[in-house]
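S.K.: Predicted model and sequence follow; I will ask about them next.
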Amino acid sequence: MNLQTALLNRKKLTHNSPLKKQLYEELKNYNFSSYQEAVYIYLNKLKRIPICPFSNKNQYFNGRYVGCSKEYFNFIKHDVHVKAKWLSWENLFKTGLSLNDAEKLKRNKKLLFIRLKFSFSYLDKNKIKKVLINDGFLDDIIESLLDKDLTKIENILNFTKECKRLYSAKNNTLEYYTNRGYSLKTSKEKLYNFYNTWEKFKHIDKESERYKKWLDSRKIGLNKVRGSLRSKFEKKIYNELKNEFNINLNFVTYINSPLFSKSKFKHDFLINDKLIVEYNGTYWHKDIFTDKRFDNIDLYKLELHRAKICIENNNLKYLILWESDINQDMFLVKKLIENSLNDNKMFYSSRDIDLDLYNSL
C-alpha cells in the first residue's frame, strides 16, 4: 500500500512506519504542528494555505507554510472540495465573518444548504436568479433577495437566513406559494389544485386504460411496462445521453447484507459497462442536507453503504447524482459522468461531503 492510498483509507501511520517517514520527508519544506495537518497538506497538494485573520502566527516565508491556528484550520480543511468558492470559509473570513458566527453557521446547516443550492465558483447574481426562477420564485421575491451587495458579510448572512426561510415550506402548504411571491388568492388556488390532483391520483383505477397509459409514458426504451417507475428527469437523462453512451437500464447487483432487507439492487443506469449511476431524489432517499424532515445521518449513510457493496461486488465505478445538486442540469450530469469514466477512483458523487463519508465507512 502506497502513502496516498494509506492516507485516503484513513490508515493511522505508526511512529516508526516507513510511510510516516516518507510523509514527513516529502513535507520537509513545510512547518506543520500536527500529524493531521501534515496529512491534510499532503493529500491536497497545497502550495499555499490561506492566512488566518485571527492569528499573526499564520504567515508565509519564501512560499513556506509556517503555522495555522487550530480554529481556523478546522474550517479551511473543508474548503478544498467546495464548489461554491464565493461561500468558502476563507472568503467569508476575508469579508469579516467572526469565529462565533462561523460556529453558528456550522451548527445550523444554513451555510451548507446555500452552498449546495448556489454552488458557483464565484458570485454571480444572474446564476442565483436562474436557480430561484427554476424553483418557482417570482421576480419581486428574487429582487428583494438580490438587492444587497453580497460581497459584504452582513448581507451574505442575511441572504443565507432569508433563503433558508423561503425554502423551508413544503409544497403542500400555503406558505410554500406565498414564499415564492404569489398572492394569497393565487396561492390558495394552487394549493387546491395540488390536493385535487393527488386525490384523483390516489383513487385511480389501476386497471383502467388511463393508468396503463400513464405507466407506459414512464418507460425508457422498453417493450413492456417496468415494475418500478422512473422520474421524468431520469427519462430525460436516458433520452439525451443514449447516443453518447452505452446505457443499460436493467443492471442488477445481488447482495447479502444485514443492512438491507432487499436481496438485490436494480440500478438506474449502467454506463459503458463501467459506471453505475444512481439518481437520488430528495424525498425518497432522505436527503438530510436539503429536506428538514430528515435528520438521521445513519439513514443517509445507507446510500453510501449501498455504493460500497455494489463497488465491491461488481468491481465497477459508482456515481450518485443528488436531485438538489443537479437541479435538472443535463450539462452537469454529462460532465459528472464523463469525469467519473475518465478518472481512476471508484466512488463519485455530485456532493463533496459524500466522499468523506464514504471513505469513513
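M.R.: Arrived safely, thanks for sending.
S.K.: who's in contact with the strand or helix carrying residue 157?
M.R.: Per DSSP states H and E, residue 157 falls inside helix 153-168. Residues outside helix 153-168 that contact it (C-beta atoms under 8 Å, 6 or more residues apart in numbering): 87, 92, 95-97, 101, 105, 110-111, 113-114, 117, 135, 137, 141, 145, 148-150, 179-180, 292. Every residue, glycine included, has its C-beta placed from N, CA and C.
S.K.: again with stretch 290-299
M.R.: 113, 116-117, 168, 170, 282-283, 286-288, 300, 322, 324.
S.K.: Quick one: these as TSV, columns for neighbour count, pLDDT and secondary structure too.
M.R.: Converted to TSV, these look like this (neighbours: other C-beta atoms under 10 Å; pLDDT from 0 to 100; DSSP: H, G, I helix; E, B strand; the rest coil):
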residue	neighbour count	pLDDT	secondary structure
113	19	81	helix
116	22	82	helix
117	19	87	helix
168	13	87	helix
170	12	82	coil
282	17	87	coil
283	13	82	coil
286	17	82	coil
287	21	87	coil
288	17	87	coil
300	18	87	helix
322	22	93	strand
324	17	87	helix
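S.K.: which of those residues lies closest to residue 340?
M.R.: residue 322 (14.4 Å; C-beta to C-beta).
S.K.: how about the closest one, what does it touch?
M.R.: Here residue 322 is in contact with 280, 282, 285, 287, 290, 349-351 (C-beta under 8 Å, 6+ apart).
S.K.: can you check residue 3 too?
M.R.: By C-beta under 8 Å, 6+ apart, the residues touching residue 3 are 19, 22-23, 26, 42.
S.K.: Which members of the residues you listed occur in strands, if any?
M.R.: Assigned to strands by DSSP state E, none of the contacts of residue 3 qualify.
S.K.: least trustworthy position among those residues, going by pLDDT?
M.R.: Among the contacts of residue 3, residue 42 has the lowest pLDDT, at 79.
S.K.: I'd guessed it sits against residue 24; true?
M.R.: No. With contact defined as C-beta atoms under 8 Å, residue 42 does not count as touching residue 24 (9.6 Å).
S.K.: Tell me which of those two has more neighbours.
M.R.: Neighbours were counted for residue 42 and for residue 24 using other C-beta atoms under 10 Å; residue 42 has more, 19 against 15.
S.K.: mind listing what that one touches?
M.R.: 3-4, 7, 23, 26-27.
S.K.: what's the distance between residue 163 and residue 156?
M.R.: 11 Å (C-beta to C-beta, to the nearest Å).
S.K.: between the two, who's got more neighbours?
M.R.: Per other C-beta under 10 Å, whichever of residue 163 and residue 156 has more neighbours is residue 156, with 23 against 18.
S.K.: hmm, back to that, in strands only, show me the contacts of residue 322.
M.R.: 280, 349.
S.K.: Output the contacts of residue 322 as CSV; include the columns distance to residue 13.
M.R.: Below are the contacts of residue 322 laid out as CSV (distance: C-beta to C-beta, whole Å):
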residue, distance to residue 13
280, 35
282, 39
285, 36
287, 35
290, 37
349, 27
350, 32
351, 29
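S.K.: out of the contacts of residue 322, which are buried?
M.R.: Among these, those buried by neighbour count (16 or more other C-beta atoms under 10 Å) are 280, 282, 285, 287, 290, 349-351.
S.K.: okay, now the residue nearest to residue 123 when sequence neighbours are not counted: neighbour count?
M.R.: Spatial nearest neighbour of residue 123, excluding adjacent residues (C-beta to C-beta, 6 or more residues apart in numbering): residue 86 at 4.1 Å. Neighbour count of residue 86, defined by other C-beta under 10 Å: 19.
S.K.: With residue 6 instead?
M.R.: Neighbour tally, residue 6, other C-beta under 10 Å: 18.
S.K.: That one and residue 22 touch, don't they?
M.R.: No. Using C-beta under 8 Å, residue 6 is not in contact with residue 22; the gap is 9.8 Å.
S.K.: any idea of the pLDDT on residue 332?
M.R.: For residue 332, the predicted pLDDT is 90.
S.K.: ok, the nearest residue to it once chain neighbours are set aside - contacts?
M.R.: Spatially, and ignoring its direct neighbours in sequence, residue 332 is nearest to residue 326 (5.9 Å; C-beta to C-beta, 6+ apart). Neighbour list for residue 326: 233, 279, 332-333, 350 [criterion: C-beta under 8 Å, 6+ apart].
S.K.: now the helices for the stretch 101-250 of the chain?
M.R.: Secondary structure of the stretch 101-250 of the chain (DSSP state H, counting those that start in this stretch): helices located at 110-117, 125-134, 139-146, 153-168, 174-179, 184-202, 209-217, 232-241.
S.K.: hey, which helix or strand in the protein has the poorest pLDDT?
M.R.: Of the helices and strands making up the chain, the lowest-confidence element is strand 60-61, at a mean of 45, by mean pLDDT, DSSP states H and E.
S.K.: My read is that residue 82 contacts residue 352, right?
M.R.: Yes. Counting by C-beta under 8 Å, residue 352 is a contact partner of residue 82 at 6.5 Å.
S.K.: Which one's more surrounded, the two?
M.R.: For residue 82 and residue 352, the more surrounded residue by other C-beta under 10 Å is residue 82, and the numbers stand at 19 against 16.
S.K.: do you know how far the more buried one is from residue 331?
M.R.: 20 Å.
S.K.: Surely residue 256 and residue 264 touch.
M.R.: No. Assessed by C-beta under 8 Å, residue 256 is found out of contact with residue 264, at 9.9 Å.
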